[in-house]
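# Got a predicted structure here, sequence first:
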Amino acid sequence: MQINSLPSEFKTARPILQTIEGAGFEAYFVGGSVRDTILKDPIHDVDIATSAYPSEVKALFHKTVDTGIKHGTVMILDHHHKYEVTTFRTESGYQDFRRPDKVTFVRSLSEDLKRRDFTVNALALKEDGTVVDLFSGLNDLAQHVLRAVGSPEERFHEDALRMMRAVRFASKLDFTIEKQTEAAIQHHAKLLQKIAVERIRVEFEKMMMGQNPLKGVRYFLETGLYAYCPRLNGQKKALSRMLGLNASLQLANETQVWLFVCRILGLSAQACPTFLKAWKTSNDLNQAVKAGLTFLEALDNQTVNAHLLFQTGERYLKEALTVQKIFDVSFDPDQYLVAYKKLPIKSSKELAINGRDLITTHLVTPGPDLGRVLTALQEGVLNGTYQNQSSELISAAKTMLTNKEESD
Ligand SMILES: Nc1ccn([C@@H]2O[C@H](COP(=O)(O)OP(=O)(O)OP(=O)(O)O)[C@@H](O)[C@H]2O)c(=O)n1
């Protein structure tokens, strides 16, 4: 196969390949960018593989960085671009099911391609647009099939994360997993326990955000992979609820993914931190999910009010509303967005007076009273008791403090 019009990312990187080839070595574009180009999908990283050894690559370019020299990767800095160039290699060992114990640099492209995970990821592209296809990856791409290169058992034994990659690609590309490859995942699912949670999480999130997430999820459940993910063992029934949803599952970011998963599992805002901790999500994400779940619980209980909209904030509110719409296609998020827009203040900073105003007018001294008065004023503004005007708020503060003195 010949690709006549290469994407601009490849065209820009062409001189790198030409320099390496000019020195008598082989060089190819490899990996996901080749797959995505043939599928006419946008490409992200451009990976280059070569028969030149790292020292030989370094000798050919002015600026290089040893990013992963032990594994054969050299980064080439070329004007404003960075390219990872990796020497053809074979891998062996894999006692921990994730990293090879031994990497051997080789001169043969076929040796390098045959250690790769799936046939559609084992294509190489020459700078002139010729595709090298040693494992019928082009046919699998055309048939939308994900098939391990060579023995699936061996591929998953080498790197158990590849099983999660399989379900992620099934979702991302809307591909079917070939029968033997699927059977091998089912057989080896428990090896996932050996893989770092962070790496599993990245694949899980990508699966949930794919083109056809339910395809990936179906494999995730049927092969038993889910049982080896944090806190999902025993949750097949709950997770299967995803498959019965009426709405198409389109999740745009990690917050939506975890909000959705927590809702599917019936986790409350209070219970979610323990669950998310097991998945090692970031503090920012945990905060977003907790805020979203708190809002959705209020939605369930029909107790949404101005205070909650204010607390949730626009960003988290939008995420929560998007997730609610997945569960209930007839749900209308607009009324909540309109109510949010109508809030007299969107943050404490928008309150017409601040702590300093109360101190300079000698109403109150720094301390707990100050915080209490400001919170009460903010609540009053949100529920419509006061207008957000400084004179009105100052006099409201005076009344509050006078009443307090009298009751003290
Ligand atoms: N566990 C892995 C990870 C990667 N690869 C190989 O390394 C390439 C690059 O890997 P990576 O960048 O992680 O994934 P991509 O396939 O490029 O997919 P994407 O960019 O969409 O994540 C893959 O195509 C595949 O050939 C592999 O064989 N086994």
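Cool, got the structure.
# of all of the chain, which residue lies closest to the ligand?
Gly32 (2.3 Å; C-beta to the nearest ligand atom). (Each C-beta comes from the backbone N, C-alpha and C, glycine too.)
# what's the next secondary structure element after the top helix by length along the chain?
Looking only at the chain and at elements set by DSSP state H, the helix with the highest residue count is helix 306-327. Going down the chain from helix 306-327, the next helix or strand is helix 334-341, by DSSP states H and E.
# Contacts for that next one next, please.
Applying C-beta atoms under 8 Å, 6 or more residues apart in numbering, the contact partners of helix 334-341 are 304, 306, 309, 314, 317-318, 321, 346.
# mind redoing it with 7 Å?
For helix 334-341, the external contacting residues (C-beta atoms under 7 Å, 6 or more residues apart in numbering) are 304, 309, 314, 317, 321.
# returning to what we had before: now the residue of the chain closest to the ligand, nearest residue through space, not along the chain?
Distance criterion C-beta to C-beta, 6 or more residues apart in numbering; nearest residue to Gly32, sequence neighbours excluded, is Asn121 at 6.4 Å.
# Spatially, what comes nearest to Leu39 if we skip its sequence neighbours?
Leu141 (6.5 Å).
# do Asp47 as well
With C-beta to C-beta, 6+ apart as the criterion, Asp47 has its nearest non-adjacent residue at 4.3 Å, and that residue is Gly31.
# So what does that neighbour look like in phi/psi?
Phi and psi for Gly31, reported as degrees, to the nearest 10, are phi 80, psi -160.
# the helices in the stretch 151-300 of the chain, which residues?
Remark: helices assigned in the stretch 151-300 of the chain by DSSP state H, counting those that start in this stretch are 152-158, 161-173, 179-188, 197-208, 213-222, 236-240, 254-264, 272-278, 283-300.
# just those: most buried one?
Per residue and on average, the most neighbours among the helices of the stretch 151-300 of the chain fall to helix 161-173, with a mean of 26 (mean count of other C-beta atoms under 10 Å).
# Give me the helices and strands touching that helix, please.
Using 3 or more C-beta pairs under 7 Å, 6 or more residues apart in numbering; DSSP states H and E as the contact criterion, the elements in contact with helix 161-173 are strand 145-146, helix 152-158, helix 179-188, helix 197-208, helix 213-222.
# could I get the helices of the stretch 151-300 of the chain as TSV with mean pLDDT?
What follows is the helices of the stretch 151-300 of the chain, written out as TSV (pLDDT from 0 to 100):
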stretch	mean pLDDT
helix 152-158	94
helix 161-173	97
helix 179-188	98
helix 197-208	97
helix 213-222	97
helix 236-240	97
helix 254-264	98
helix 272-278	97
helix 283-300	97
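# Using TSV, lay out those together with distance to the ligand.
Below are the helices of the stretch 151-300 of the chain laid out as TSV (distance: least, C-beta to the nearest ligand atom, whole Å):
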stretch	distance to the ligand
helix 152-158	8
helix 161-173	5
helix 179-188	13
helix 197-208	7
helix 213-222	13
helix 236-240	24
helix 254-264	15
helix 272-278	23
helix 283-300	20
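# export these to a markdown table and tack on distance to Ser55?
Written out in a markdown table, the entries for the helices of the stretch 151-300 of the chain read as follows (distance: least, C-beta to C-beta, whole Å):
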| stretch | distance to Ser55 |
| --- | --- |
| helix 152-158 | 27 |
| helix 161-173 | 30 |
| helix 179-188 | 37 |
| helix 197-208 | 30 |
| helix 213-222 | 41 |
| helix 236-240 | 50 |
| helix 254-264 | 40 |
| helix 272-278 | 44 |
| helix 283-300 | 42 |
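# sorry, back to before: now the angle between helix 254-264 and the longest helix of the chain, please.
What separates the directions of helix 306-327 and helix 254-264 is an angle of 80 degrees, with axes from the mean of the first three to the mean of the last three C-alpha atoms, to 10 degrees.
# Pull out the buried positions in helix 306-327.
Of the residues in helix 306-327, those buried by neighbour count under the rule 16 or more other C-beta atoms under 10 Å are 306, 308-310, 312, 316-324, 326.
# mind showing which ranges of the stretch 1-150 of the chain have poor pLDDT?
93-101 (pLDDT under 70).
# follow-up on the earlier one: verify the contact between the residue nearest to Gly32 and Gly31 for me.
Yes. Taking contacts as C-beta atoms under 7 Å, Asn121 lies within contact range of Gly31: 6.1 Å.
# ranges for the strands of the stretch 51-200 of the chain?
Assignment of strands within the stretch 51-200 of the chain using DSSP state E, counting those that start in this stretch yields the ranges 64-68, 73-78, 81-87, 89-92, 102-105, 123-125, 131-133, 145-146, 176-177.
# what's the most buried one of the ones you listed?
For these, average neighbour numbers computed from mean count of other C-beta under 10 Å are highest in strand 123-125, which has a mean of 26.
# which bits of this structure sit near the ligand?
Counting by C-beta under 6 Å from any ligand atom, the positions of the chain adjacent to the ligand are 31-32, 44-45, 47, 116-117, 121-122, 159, 161-162, 165.
# Just the buried ones from these, in ChimeraX syntax?
Selection command for ChimeraX covering only the buried members of the residues of the chain next to the ligand, criterion 16+ other C-beta under 10 Å:
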select :31,32,47,116,117,121,122,159,161,162,165
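# returning to that earlier point: got the contacts of helix 334-341 as TSV, with distance to Ala238 and pLDDT columns?
Formatted as TSV, the entries for these read as follows, by distance: C-beta to C-beta, whole Å; pLDDT from 0 to 100:
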residue	distance to Ala238	pLDDT
Val304	25	96
Leu309	29	97
Glu314	30	95
Leu317	25	97
Leu321	22	97
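# and the two most separated of those residues?
With C-beta to C-beta as the measure, no two of the contacts of helix 334-341 lie farther apart than Val304 and Glu314, at 14.4 Å.
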